[in-house]
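Q: fold the following.
(one chain, ligands or ions: 1)
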Amino acid sequence: MNGRAEELIRDVLKTKNIKDVFFVACGGSLVDLYPGFYFLNSESGTIHAHWMTAKEMSVAPSRFLNENALVLACSHGGNTKEVINAVKVALKNGASVITMTHNPESICAREFNTVLYDWDDKTNENERPQGIVLRILNELLKEKEPDYKKYDAILEGLENIDSIVRTATSKVKNRTWLFAEKYHNEKFLYIMGSGASYSQAYGFAICSLQEMQWMDCCYLHSGEYFHGPFECTDKDHLYILLMGTGNAREMDERCLDFLKKYGNKYEVIDAKDLGIDEIDESVNEYFCPMLFYNMTVAYRTALQNKRQHPLDMRRYMGVVEY
Ligand SMILES: O=P(O)(O)OC[C@H]1O[C@](O)(CO)[C@@H](O)[C@@H]1O
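A: Predicted structure coming up:
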């Protein structure tokens with residue numbers, strides 16, 4: 001780990017008493033910030049967490065967006081207008097800002113405090129946005145909360161997650177191919193998850209299936225499935241269930257029990273079958289989304305190959321005005 005993330009948060013803490021952390025971005029980058037938001041909500045006794053699409057921060061800024069706030073903003077390309085505007089509003093309100101981007105030439109990199117990350121197959125999970133966010137928050141809690149006890153377990157997880165992800169990715173290869181063979185023409189998919197991994201149900205749906213495959217689908221929180229959506233369950237609808245760890249897991253298990261009884265077509269991606277237990281039980285739920293992200297890449301690649309629909313084909317994004 002290169003230390004830039006740690007350096008930036010320590011700098012902030014020299015002069016600021018952080019009471020609120022805002023996580024802002026758009027689309028896939030926003031997905032990457034959710035586990036940090038969930039982590040802070042679960043672990044901190046002094047800091048409030050807020051997670052929102054960047055535009056919402058500019059059009060409806062919270063009253064907590066002030067000199068005691070820290071904004072963590074992510075933009076892969078570093079130039080997304082909504083993100084740049086949100087950061088400007090945050091700075092104007094006196095907040096501290098750390099951005100993350102892959103693009104050294106971008107506005108994020110040139111104009112704001114930034115952590116630059118690589119994005120190639122070899123990049124370690126702890127140097128990608130989800131890992132960087134967890135590193136920043138781990139330092140923040142260590143500095144601010146004397147009773148924070150998970151610092152070492154998180155560091156250890158950050159050391160181990162990359163090899164877990166790589167092993168899991170090769171393990172699911174055949175399975176993703178079979179999935180694509182069976183379901184490449186599916187009319188509608190439900191993607192479910194909970195806890196920190198709710199983010200990946202969201203990302204699987206909006207980025208991998210809708211944006212990259214133009215497939216109709218929706219994402220659901222496993223807990224919310226029982227509050228309306230389950231009425232659609234029958235032998236024909238397809239469900240993808242991400243099963244994480246931690247306290248939230250019981251919501252995923254409840255969905256699985258129900259699907260076993262009343263459903264027929266469901267794909268279970270269980271972090272416990274994919275090696276997540278190699279990370280300490282007290283923190284491994286925060287690493288499941290990194291694992292699930294890589295599973296969504298594996299599934300969407302198999303779908304792309306079967307459907308002959310390139311992952312980078314767009315008809316609106318970056319093509320027309322919006
Ligand atoms: O991360 P950036 O560069 O701000 O771009 C955000 C855009 O990229 C995506 O995450 C993926 O194409 C979209 O969901 C979103 O509109």
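Q: pull out the buried residues from the strand or helix carrying Y293.
A: In this structure, Y293 sits in helix 288-307 according to DSSP states H and E. Neighbour counts over helix 288-307 (16 or more other CB atoms under 10 Å) mark 288-304, 306 as buried. Just so you know, the C-beta spots here come from the backbone N, C-alpha and C atoms, and that holds for glycine as well.
Q: try stretch 97-113
A: Buried residues in stretch 97-113 (16+ other CB under 10 Å): 97-103, 106-109, 112-113.
Q: re the thing from before, average pLDDT across the helix holding Y293?
A: Average pLDDT, helix 288-307: 98.
Q: for that helix, the distance to its chain's centre please.
A: 14 Å (CA atoms, centre = their mean, to the nearest Å).
Q: now do stretch 174-194
A: 20 Å.
Q: follow-up on the earlier one: for the helix holding Y293, packing partners?
A: helix 27-43, helix 129-144, helix 151-171, helix 173-183, helix 198-203, helix 212-213, strand 238-243 (3 or more CB pairs under 8 Å, 6 or more residues apart in numbering; DSSP states H and E).
Q: buried stuff in the first one?
A: Same thing as helix 27-43. In helix 27-43, counting by 16+ other CB under 10 Å, buried: 27-40, 43.
Q: ok, of these, which one's closest to the ligand?
A: G27 (1.9 Å; CB to the nearest ligand atom).
Q: residues contacting the closest one?
A: Neighbouring residues of G27 by CB atoms under 8 Å, 6 or more residues apart in numbering: I206, C207, E211.
Q: how is this protein divided into domains?
A: Using automatic domain parsing, the domain parsing of the chain gives 4-144, 174-307.
Q: where do the strands sit along the stretch 1-150 of the chain?
A: Along the stretch 1-150 of the chain, the segments classed as strands by DSSP state E, counting those that start in this stretch run 20-25, 48-53, 69-74, 96-101, 114-116.
Q: please convert the helices and strands packed on helix 288-307 to JSON lines, extending it with mean pLDDT and distance to the ligand.
A: Formatted as JSON lines, the helices and strands packed on helix 288-307 follow (pLDDT from 0 to 100; distance: least, CB to the nearest ligand atom, whole Å):
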{"stretch": "helix 27-43", "mean pLDDT": "98", "distance to the ligand": "2"}
{"stretch": "helix 129-144", "mean pLDDT": "98", "distance to the ligand": "9"}
{"stretch": "helix 151-171", "mean pLDDT": "98", "distance to the ligand": "20"}
{"stretch": "helix 173-183", "mean pLDDT": "98", "distance to the ligand": "20"}
{"stretch": "helix 198-203", "mean pLDDT": "98", "distance to the ligand": "9"}
{"stretch": "helix 212-213", "mean pLDDT": "98", "distance to the ligand": "8"}
{"stretch": "strand 238-243", "mean pLDDT": "98", "distance to the ligand": "19"}
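Q: return the most buried member of the ones you listed.
A: Most buried of the helices and strands packed on helix 288-307, by mean neighbour count (mean count of other CB atoms under 10 Å): helix 198-203, with a mean of 26.
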